[in-house]
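Enquirer: quick one, fold the following:
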Amino acid sequence: MKIYHNPRCSKSRQTLAIIEKKTSNFEIVRYLEDPLKFNDIKVLLIKLNIKPIKIVRTKETIWREKFKGKEINDNEIINILAENPKLMERPIVETKEKAIIGRPPENVLELFN
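Expert: Next comes the predicted model:
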């Protein structure tokens, strides 16, 4: 299990706390310090079973100033996320089979069923 974590985010910290109560077998990935590559994001999206735009933080200044209102295809969005990790929704928790967005943090409990 991996959590793509931003320690400054309360939802991310809350999700991490839930995981810590359930297991010690997980990895913390600080994706802002170690950004995901294009293929890593693509795999995450497959496990999440959603379109790339669904993990974009569209209220972030970078998105509003550079990309809002433009026609952008899925691969371009993935590239934007790879180049601007701050735009990726958080936290995301991944297992070998699937992934979830920890909003609300209790969503992570689905991965333990």
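Enquirer: C-alpha from now on. contacts and neighbour counts both.
Expert: Will do.
Enquirer: please enumerate the helices of this structure.
Expert: Along the chain, the segments classed as helices by DSSP state H run 10-22, 38-48, 61-66, 74-83.
Enquirer: contact partners for Val93?
Expert: Neighbouring residues of Val93 by Cα atoms under 8 Å, 6 or more residues apart in numbering: 1-4, 99-102, 108.
Enquirer: now it. Nearest residue, chain neighbours left out?
Expert: Sequence neighbours aside, Ile3 is the residue nearest to Val93 in space, at 4.3 Å (criterion: Cα to Cα, 6 or more residues apart in numbering).
Enquirer: roughly how far does the one you found sit from Thr95?
Expert: 9 Å (Cα to Cα, to the nearest Å).
Enquirer: so if I had to pick from the two, which one is more boxed in?
Expert: The neighbour comparison of Ile3 against Thr95 (other Cα atoms under 10 Å) goes to Ile3, with 26 against 15.
Enquirer: I'd say the more buried one and Glu27 touch.
Expert: Yes. The pair Ile3 / Glu27 is scored as a contact, 6.4 Å apart, by Cα atoms under 8 Å.
Enquirer: quick revisit: any chance of the contacts of Val93 in a markdown table, plus distance to Lys54?
Expert: Formatted as a markdown table, those follow (distance: Cα to Cα, whole Å):
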| residue | distance to Lys54 |
| --- | --- |
| Met1 | 21 |
| Lys2 | 19 |
| Ile3 | 18 |
| Tyr4 | 16 |
| Ala99 | 13 |
| Ile100 | 12 |
| Ile101 | 10 |
| Gly102 | 13 |
| Val108 | 17 |
